[in-house]
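Peer 1: My questions concern the predicted model and sequence given below.
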Amino acid sequence: MAEQQRGTQAVKVGLAQMLKGGVIMDVVTPEEARIAEEAGAVAVMALERVPADIRRNGGVARMSDPQMIREIKAAVTIPVMAKARIGHFVEAQILEALGIDYIDESEVLTPADDVHHINKHAFKVPFVCGCRDLGEALRRVAEGAAMIRTKGEAGTGNVVEAVRHARAVQGAIRQLQTMDDDELYVYAKELRAPVDLVRQTKALGRLPVVNFAAGGVATPADAALMMQLGMDGVFVGSGIFKSGDPAKRARAIVQAVTHYNDPAIVAEVSCDLGEPMVGIDVREKGFQSYAGRSE
Ligand SMILES: O=C(CO)[C@H](O)[C@H](O)COP(=O)(O)O
């Protein structure tokens with residue numbers, strides 16, 4: 001690709017589109033990365049601890065050790081993503097210098113700036129960011145995100161928040177499509193999002209970038225549910241590598257995403273998967289929401 005074309009918003013959005021219809025798996029070792037690749041993951045997310053362990057350990061969660069990210073990059077041929085803390089543009093600079101394929105500016109790590117997100121236009125590497133609703137999604141796109149993921153609640157093994165966020169985004173887009181163009185200025189104000197992106201979303205009938213589900217997807221049925229709710233693909237972390245048979249579950253979730261509209265196949269791949277991860281009820285007293293850490 002010509003140097004002057006690298007890193008334009010169109011190129012970054014196009015790179016993210018290449019992941020459409022796929023599963024992106026959190027991995028913490030080169031061995032897990034190889035299991036993910038063999039299972040058919042379209043990309044892996046290299047991190048030191050899956051979200052369930054981040055929750056268990058507590059403390060400040062930061063960008064992973066660059067050496068560990070390098071080892072995961074060397075282990076697989078599929079794209080490798082890594083996480084930077086919200087607003088931590090130096091962690092993002094480091095990840096870009098490491099040649100990472102996509103950066104996740106993630107609420108799963110402890111935010112570094114509780115007001116500002118990273119200006120993602122300043123980078124050549126594409127970014128993915130989380131959202132709970134349409135306004136949050138379009139604010140991230142305005143900052144240069146090339147890919148969106150609904151946040152869910154990572155590390156819970158509980159799909160309820162992923163469903164809530166996917167329904168919020170899709171429902172708002174349906175509502176937007178019933179609106180008169182004159183009404184978009186006020187709606188954009190309500191969404192706290194630029195009116196040109198609101199107009200574009202109305203015209204497309206979808207977000208202007210790919211939108212994956214994340215946070216709490218733990219079974220093939222969960223993954224197919226998110227696809228039927230209109231998501232373009234799925235992130236799975238704790239649900240695979242905190243389960244009894246990660247390789248089998250990883251393959252099953254990839255199959256379920258590919259055949260999400262075929263219940264017979266989803267039933268078949270759901271058989272004999274061993275123990276699922278133990279989940280957390282998000283209504284439990286003292287539950288810490290990661291999704292609410294930024295807006
Ligand atoms: O942060 C992520 C995506 O950006 C994680 O990959 C994803 O949310 C994992 O969540 P879980 O462990 O619940 O599957």
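Peer 2: Now that the structure is in, tell me what you want to look at. Numbering: from 1, shown residues only.

Peer 1: Tell me who's in contact with the one residue in the stretch 101-250 of the chain that gets nearest to the ligand.
Peer 2: Per C-beta to the nearest ligand atom, G237 is where the stretch 101-250 of the chain lies closest to the ligand, at 2.8 Å. Every C-beta, even on glycine, is put in place using the N, C-alpha and C of the backbone. Contact partners of G237, counting by C-beta atoms under 8 Å, 6 or more residues apart in numbering, are M25, D26, M45, V50, P51, A52, A154, G155.

Peer 1: Based on its surroundings, how many neighbours for the closest residue to it other than its chain neighbours?
Peer 2: The shortest distance from G237 to any non-neighbouring residue, by C-beta to C-beta, 6 or more residues apart in numbering, is to D26 (3.3 Å). Other residues near D26 number 30, with proximity taken as other C-beta atoms under 10 Å.

Peer 1: swap in the one 3 residues further on?
Peer 2: Other residues within reach of T29, judged by other C-beta under 10 Å, total 15.

Peer 1: how much space between it and S64?
Peer 2: In this view, T29 and S64 are 11 Å apart by C-beta to C-beta, to the nearest Å.

Peer 1: hmm, back to that, where's the residue nearest to G237, which helix or strand?
Peer 2: Per DSSP states H and E: D26 is located in strand 23-27.

Peer 1: what residues does that strand touch?
Peer 2: When contacts are defined by C-beta under 8 Å, 6+ apart, strand 23-27 is touched by residues 32-33, 35-36, 39-47, 50-51, 72, 81, 212, 223, 233-238, 240-241, 250, 253-254, 257.

Peer 1: Just to be sure, which of those residues are found in helices?
Peer 2: If you go by DSSP state H, the contacts of strand 23-27 have 32-33, 35-36, 39, 51, 72, 223, 238, 240-241, 250, 253-254, 257 in helices.

Peer 1: hang on, the earlier thing: give me the sheet partners of the strand holding D26 and which way each runs.
Peer 2: Paired neighbours of strand 23-27 in the sheet (DSSP bridges): strand 43-46 (parallel), strand 234-236 (parallel).

Peer 1: Excluding chain neighbours, what is closest to M179?
Peer 2: In space, M179 is closest to Y187, 6.3 Å off (C-beta to C-beta, 6+ apart).

Peer 1: What's the local residue count around the one you found?
Peer 2: Neighbour tally, Y187, other C-beta under 10 Å: 19.

Peer 1: Tell me how far K248 lies from L176.
Peer 2: 41 Å.

Peer 1: More neighbours: these two, which one.
Peer 2: Neighbour tally, K248 and L176, criterion other C-beta under 10 Å: the higher count belongs to L176, 20 against 17.
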